[in-house]
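Q: from the sequence below, what's the structure:
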Amino acid sequence: MVKGYDLTFDHRPDADEIIASIDDPSKYGEVVFCGYGEPTLRLNVLLEVARDIKARGGRVRVNTDGLSNLVHKHNTLEELGECVDAISISLNAQNQETYDLHCRPNLPGSYEAMLEFLREAPKHIGDVTATAIEGLSGVDIEACEAIAMAYGVNFRRRKLDEVG
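A: Next up, the predicted model:
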């Protein structure tokens, strides 16, 4: 349950099911791909739905861990840039040690891959925000914000245990 909503699925919806559930995307401020896992893991579905949303006058935002290029082994930002208006990337930490402590990545080089994704994102997507969670042990929010500023992206501090 998140803010009173049960977000559990009994199956992985395909693109057509997601599109049908959105109805008219222009009636929302934006349609956001996020939560309960990494949305770019189903990149083809995300892209198909995002293209449909854009074609029907909607705005698209993706919340991501920034590991899409590492996972898919190519620059996914080019594809995302065609149909995503805004992207929020979980920077999460000011260094690899703190990142590894909290994120426990399965793929070697995840922190550097996320930083590269964050660095490259503004070349493809107009509205880029890095985030970090205030209250996590060892996370230096000011240092995270400095990284975001150095990369020319927005920064948003999130609060520990506060969703939405």
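Q: can you give me the distance of residue 48 to residue 107?
A: Distance of residue 48 to residue 107, given as Cβ to Cβ, to the nearest Å: 25 Å. From N, CA and C alone the C-beta is placed, and that goes for glycine too.
Q: who's more crowded, the two?
A: residue 48 (17 against 9; other Cβ atoms under 10 Å).
Q: which ones are touching the more buried one?
A: residue 15 (Cβ atoms under 8 Å, 6 or more residues apart in numbering).
Q: that one in helix, strand or coil?
A: helix (DSSP: H, G, I helix; E, B strand; the rest coil).
Q: measure it to residue 87 for me?
A: Taken as Cβ to Cβ, the span from residue 48 to residue 87 is 17 Å.
Q: same question for residue 96.
A: 22 Å.
Q: please enumerate the strands of this protein.
A: 31-33, 60-64, 86-90, 127-134, 154-159 (DSSP state E).
Q: show me what the longest one is packed up against.
A: Contact here means 3 or more Cβ pairs under 8 Å, 6 or more residues apart in numbering; DSSP states H and E; on that basis strand 127-134 packs against strand 86-90, helix 141-150, strand 154-159.
Q: so it versus strand 86-90, what angle?
A: Orientation of strand 127-134 against strand 86-90 (axes from the mean of the first three to the mean of the last three Cα atoms, to 10 degrees) gives an angle of 30 degrees.
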